[in-house]
Structure formats: C-alpha cells, structure tokens
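> sequence? don't have it. structure:
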C-alpha cells in the first residue's frame, strides 16, 4: 500500500511538471509569434491623475539619494505628484537624507516611523492613510526610475478596469559577479516572456510590489495591506483580481533595480519570497476558485501562479520519494520515465523561467553573449529548491500557528555617492 | 528615393516579435525532432548492444575477460543489452566510515557562506550518500540490486534520455527563427553528444560500482543521472541561440511589431 | 589506461558545455545591463525637437552655402536664405532654409529639411523629414518617409503619405485619402475651413473635465437610443450604444465597441476589439483599441484645451469632418477616408 502511494505520488508529480512545462512552452510561443497586447504607454493625456509615490526605506542611506534625485527629474507635473519616502525604523542616515530632500522640494513629504509594526506592509499602510494621490506608485529604495516612467504607469489607470499595473524590472548591477548575471537572465525570462505572455493571453500578470502602481481608494476599501503576509504584492494581485479588478503588465515601463550580489543574501530573499507567496497561496486558493469576476482561464492560470513556490517542495519530496522507491527496489517501472522528473524540474522550476524561455527573452532583448551563461543556471536548481522549500515550510507554520513573520529587508550593495545607473 | 532614405526604425524590445506560428513549429518538430526519437524507439536493441560492446572493450582492460559479459534483458517490445559485472558491496567498516564522514559534512557544509549553490549541491550528494551508507550499515542484506540490476536501470533510463533529448531540444530550439539546416545540425549534434555521453558515463559508472563500491549507486543514479544530461542540452541550445542572436542583430527587416 | 581515458572523457563531456559560458565570464562581452534610456519621455514631437536642436547647434551661426557638419553622422548641409525648387529637382543634402521654402512638382528631398519660415511643398514631392517653424502646406500626393513637424499648422492635400509621424503645435488638417501612422495637432482634423458643427454648440466645452465616475455597471451588451448612464460601463461582450445616448463615465469592452450617432461620452473608451464612433458623436476622453478605430463623420475626440489620444493598434480611419484634439497613433494603417 505504501509503495503504491509512493508510486502514485511520483506519477502525480511528473504530471504536474509536465503541466508546467506545457504552460511555459505556450508562453514562449505566444511571446515569439503571436499578437502582442499593447499596454497604454502610447496614450498622451493632459488630464494626469494625481499620484503618490511611496518608497519604503529601512537603512537605505546607500541608495536613497539616487532614487530621489531621479524622481525630482521626472517629467510628471510636480503639482500632481507627491513623493513619500518612508523612513521605517532606520538606524543610519536615512532620516537626515530624506528630511533634506523634504526641505528642498515641497512635493517630497518624508514619513518617519519609529513605533508600531516594522516592515513594508505596515509602512505602506501608514503612508496610504496620509497619501492624497489617486494612484499609488511604489518603488523599492534601490530602484532607478527613468524620467518618463511615472506617466507610463499612471496612464494605465485611464482604463477603468485596471486596479494595478506592473512595469519591467531590469538589473543594473549585472557586472558584479556570476550571481548578478544569472539573476539578470532569470528576470529577463520572467518579464520579457512570462509576464508579457500572461498579459497577452489575458491571464493574471503579477503586481510585483515595485515599479508598479495601484488605485489608492480601492485598495484602502479592500482593507489595505495584510500585515500577516510577507508577499504584500502577490497578495494585492489576488485580492484585486478576485474583486473584479485587472492587473496589467507594461513591458515598456522599464526600471533598473539592484539584485543581490551574494548567495547568502539571495538565499534569504528567495526564502522570504517563498514564504510570503505560500502564505498567499494558503489564503487565496479557494477564494480564487470561487470568485465570480474571473474567467475560467484566469482561475486556471491563477492556480498555477499560486502554486509556483510549492512546486520545488513537490520536487524535493518527489526526489525523496524516488530515493525511497530506489532502496525498496521499486524503481524498475520508473527508470525509463524518471528522466521526466528532471525534465519537469529543470524546465519548470529549475529556475523561475525555463532555459528556453530565458533564451527566447534574450533574443527578443537583442542580447547575445549572455545567452551562453544558460548552463550555469543548473547551479540555481538545487539552491532554489532548497531555500524555497524552507520558505514553504515556514509559511505552513505561519498559517497553522498564525505566527507573524518578521520583515527582513534585502541588503544593498551600492556604494554611497555613486549614481547607480548606466549613463 | 535613394538608398540613404531611412524609413525603418528598429523596434523597441518591448513588443517586438517574429514571424512564425505554432503550426510551423509542429511541422518542424514532426520532421526534425520526432524522427530522431523514433529511431531510438525502434532501434534501441541495436543501440544498446553497440554501447555494450564499446563498454566491454573498455572494461576488459581492467577486469578478467570472463568477468565482463553482455546479456539481454526484456524491455517494452524488444530486448536491451546490458553489461554484467561482479558487484562490489561495501564492508561494514566502509559503510561506517562513509556514514560518519557524510554526517560531519552535513553538519559543516551549511556553515559555509560562500558558493552556496555548490554547497547545496554537495549537501544533496552527501545526504544521498549518507542514506546509502546507513542502508548498507543496517540493511545491507536487503539491498535490492546487483550490478546487473543497476545496468538494467541505467540502460532503461538512458533509453528514456535518448528518446527525450530530441523532444526537449525540439521544444526549446525549433521555435527559434534559425534556418532548418542549422536546426537539423544542432539536433544531430545533441543526439550524438547524448549517445557518447551516455556510453562513456556507463563505462565509468560500472567501473566505480564494480571496483569501488555499490554504496555509490544511489548518487550515480540520482545526482549524476538525467540532471547532468541537461547541461549539454542547455549548453548546445545556448550556443545555437547565441549564434542566431548575433546573426539577427541589427537586421531591421527581421522583426515584426506587435501583431 | 582505457578507464583513465574514459574518466577524462566523461569529465570533458561534463564540463564542455560550460566552456562557452566560462569564456563569456572571462571576456565579459555582454555583461552590461540592458540599456534603458533614462531620459526617455513620451513626446510625439521628439524627432523634430531633437533634429532642430542638433542642426542649430551644428550650424552655429554659419553663413549661406554648403557646409560639412557633424549631425548624427557627417553630413553636407546647405544653408540658404530661401529656396524655390523647380519641378523634378533632386536635393541630395540636408537643407536649412532661413525663410520660406517652396517646391515644384515631383521634387525629391533625399535628406532632412529645416525651414525657419513657411513650407509650401509641391505635388508629388518625396521627402525624408521636414521641420518647419511656420506653417506647412503639402500639395497632392506628397510622400514622407519619416516625419514632418510644424510650429504652426499643417495642411495636407489629397493622397499624401505622412510617413511615421506628422505633428504640429497648431491645426493638422487632412484631406481625403491621406495615410499616416502618428499625428499630433490641435486639432487633428479632416474638415476643411473653420470649425463648425456640434462643438460650437457646446458652450464652455473647454471647461468640461473628464468625468470620474464612482460607480460601474457590468456586462451590458446594448444600450437603447437616448439612454443616460451616470456610471462607467465594463463589459465582456460587444457593446452597442444607441444613438443620442449620454454616458457619464468610462466605457470598456473586452470585445467590440459600437457607438451610435450623436452619442456623448464623458470619459475614456477602451476596447480589446474594434471601436466605431458614430456620426457627430463626442468623446471627451481617450479612445484606445487593440483593434481598429473608425471615427465617422463629425465625430469629435477631446476638447480644445486638453490633450487626448486616439490609439488603435491595428488601424485608424477618419471620416470627413472628424476632429481629434491631441494624438492619433496606430501600429497598422491610418487613413483619412
């Protein structure tokens, strides 16, 4: 009986992997050949919405001036903009830096937090309460927004159905080491192909919590950000979607970001993402299925998206399962198709985008030699699987015991005083 | 109008695309990838026999002549050929030493902050070896495989790999807008590489299991099995894609926009 | 020995796929971040503005005559006080005209032209690009390969091809059977002469703000004539709005949108499919379609003092008497009918 269950689990696991493979392949074909759904960046409209730009900052002295300087140079009407850098319990010079900008520019309104809950969701909620813009645009402190990006994002909300809009994230510190180059490849595949294909196919592009915006009043009406969930961006995606709003993806709204430069930092980041995402999965799995505002394929893909940080756990348990079957002498029937385990694993979740999706995205981007780094993504495979699984089990404990996760910001690597971006 | 007239501006990467369709892809898959898989499916008895002959020739230099045998085993509709060699089971001391070393490594490896992916990889290898060591320490008599059984497992797995390599490469590469000739050549190179790799790996693994210890069978099967095959699939794909990217760079007429 | 060779071969086969990547890691040929133009802003007159700035900077007070100057590359620039080109002439250089330009029929301008005065372009001319600080008048059959821009207005006669972009600070007036991709003007118009019709009847039109409706109605497929809705409408089906209706909000359809005659919509229109705006209808907001947009006779988009857009991914067709205050853009075919 036990052996039967173990074998059945392996078959189910292989089936799930094949499903994800097909999904990613469809996305790749769609992005390469089929009609691309334009976002709204071409719209020129003098009736700009008022926007509030929120920048959560915890000990961001290395990067704070870069983003604030760039926002000052933005082409958005300054009488329709407010920038709220949120000093979230900082212990470095973040307070002094943002106060200085606040004194020099009337549209920059620093918010200092030194009591209450720490963390991005809490910081955003407090800022939301005082923000006046119709649209909220969020940037992480290490981001480098180009001049025109605020209009590109804000104009998306001319569409009455749009609840949130997400732009494209491009790593700027790719030159640092092999890790940053591999993360650049992952981002490329994830945005240029995966997100855009999901937008083309009217599925569920994800709001990523930065380089993106949402409607202030509607999010407040829906209760603001949930303090119990680490992945406030994924949570917002699902909360808006099940309540009839659309999340759209603006591939033209590109912004530089800083990716982790050490594997330890990356491990913590990916573990946090997994934990937060799985908290959302537990909270929204059934509400997603029950929502009357979503089409069948939105729900179908929404489930795939929810489970994306569960798959490595299934993979890990699948490997353990096959190890047990191996020592029990029951691998005979599977040895021919065991390869499919790794097909699925590597194609679907060895990385956040399978290798051919990354390759396709690089070709679309006009990148050339970086494609040769694809074989190195194999090193991410087990690394991702391990840390994502850790995040998953932490999310299980969070959900069962109602434990609240502590917020840990990703470490910054930029040197204070540098411009940060490619001139 | 003279050639100097510039009427085309290179499209931004955000919404550019290429000509093609799913139908065209499936046609190419049918004529380039599928035939190679079918060859494997139809001729695997002959292929495995050829592989075994090479393996026998290589292994006969290290083993007595009578020790290395090619035998047949049933598989699906035909038979596969496998190499039969004497098994080398670990002693209790050997298993104990392996277990202790693995335990120490399992405790120490997580403390290493650098090169975490390699550390993680090592931890998986060490963990599997630890489980194997424990198994041989306490349940050696229940180990279900002789070397011949491993041979069968390996060969069946390898047939699966050889069958799916054109399929995976087909899905990955055939949508790209390279020429049919370059796609066919790349596909053939991949299949040949796979056959060569599978054969050489077979020889080396059999040597390890027969001369060193069967304790390492689990690692060889799980860690250095199909996962490693992906490396050359992705490697060959990346060279193909890079050369394509280089060729189309700046080719204004190549791209389409939006629809 | 054989086994040693086999082992070495296995290692080689294992590490060989990494070789090209290792080479790239060492050489760093492609390790720069993807380029983002940090100064990029959506400016419909971008080509003209950057060309003017570049040319003026390069000319730097030089006198009339031929000059070799560095623009985006080395170019021969002809500076003239004014220019009048005869039928069939071929001009091979970049032109900088201090006053007015006038050309006969079938003249070919192979390079960009900058006119500080007015430009009168004869029938059948071919131009690369034209920047003009005054007004532009294009006679029948003129063809642009790239762009034209005027600080004044642009008047376009029949059967002209306006290239990638035709923009101006004043009125852009199109005659029938002109083709375009992007237009920008105040307004972009297919009616000749003074602006008449419905717009004059709407007193204080410039004061009407785009309505921000608080409520939304969903999944309607048809509105009867003379309907009045004080809300936005979002629907998954084709929506037909009957004649003389008034919608006090935005309209979004996941399929087609068919607006009847004399309809007034105070908000924006969005559709995944085609949009058809009927006779004498009025939309105060932006019109966006992933398909084609057809503006029937007398349709007006936007208001005098606001910039709005008409964006039809696959095509835009403007009937006679249409006015758009602002930007018109398509990735497909644009035509004045």
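Now that the structure is in, tell me what you want to look at. Keep in mind it's a predicted model, so treat the numbers as computed, not measured. Numbering: from 1, shown residues only, chains lettered A, B, ... in the order given.

> residue in the stretch 151-259 of chain B nearest to chain C?
Here the residue of the stretch 151-259 of chain B nearest chain C is residue B:235; by CB to the nearest CB that distance is 2.5 Å. Placement of C-beta: from N, CA and C, glycine included.

> how about the host helix or strand of residue A:305: buried residues?
Element membership for residue A:305 (DSSP states H and E) is helix A:296-306. Neighbour-count burial for helix A:296-306, counted by 16 or more other CB atoms under 10 Å in any protein chain shown, picks out A:298, A:299, A:301, A:302, A:303, A:304, A:305, A:306.

> give me the contacts around that helix.
Contact with helix A:296-306 is made by A:19-20, A:23, A:198, A:201-204, A:206, A:238, A:241, A:277, A:280-281, A:284-285, A:288-289, A:291, A:294, as judged by CB atoms under 8 Å, 6 or more residues apart in numbering or on different chains.

> can we see that at 7 Å?
Outside helix A:296-306, the residues that touch it by CB atoms under 7 Å, 6 or more residues apart in numbering or on different chains are A:20, A:23, A:198, A:203-204, A:206, A:241, A:280-281, A:284-285, A:288-289, A:294.

> what residues does the stretch 151-300 of chain C have near chain A?
C:210, C:216, C:232, C:234, C:250, C:252, C:268, C:270, C:286, C:288, C:290 (CB under 7 Å from any CB of the partner chain).

> could you do the stretch 1-150 of chain B as well?
Residues of the stretch 1-150 of chain B found near chain A (CB under 7 Å from any CB) are B:12-18, B:20-22, B:25, B:113, B:115-118, B:120-121, B:124, B:128, B:131, B:135, B:144-145.

> just the buried residues out of those, in PyMOL syntax.
Under the burial definition 16+ other CB under 10 Å, those of the residues of the stretch 1-150 of chain B next to chain A that qualify are selected in PyMOL by:
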select buried, chain B and resi 13+14+15+16+17+18+20+25+116+117+120+121+124+128+131+135+145
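
> just the residues of the stretch 1-150 of chain B next to chain A: which are in strands?
Secondary structure from DSSP state E places B:16, B:17 of the residues of the stretch 1-150 of chain B next to chain A in strands.

> follow-up on the earlier one: give me the buried entries from the contacts of helix A:296-306.
Those of the contacts of helix A:296-306 that meet the buried threshold are A:20, A:23, A:198, A:203, A:204, A:206, A:241, A:280, A:281, A:284, A:288, A:294, by 16+ other CB under 10 Å.

> is there proximity between the helix or strand residue A:6 falls within and chain C?
Residue A:6 belongs to helix A:2-33 when assigned by DSSP H and E. No - judged by CB under 7 Å from any CB, helix A:2-33 stays clear of chain C, getting no closer than 14.8 Å.

> report the angle between that helix and helix A:296-306.
Per axes from the mean of the first three to the mean of the last three CA atoms, to 10 degrees, the angle that helix A:2-33 makes with helix A:296-306 is 120 degrees.

> after helix A:2-33, heading C-terminal, what element do we hit next?
strand A:51-57.

> centre of the chain to that following strand, how far?
Centroid displacement of strand A:51-57 relative to its chain, using CA atoms, centre = their mean, to the nearest Å, is 17 Å.

> the helix holding residue A:6 - what's its average pLDDT?
The pLDDT scores in helix A:2-33 average 87.

> give me the element residue 126 is part of.
All of this is about chain A. helix A:120-130.

> not quite, go with chain B.
Residue B:126 belongs to helix B:116-139, assigned by DSSP H and E.

> please identify the buried residues of stretch C:91-101?
C:91, C:93, C:94, C:95, C:96, C:97, C:100, C:101.
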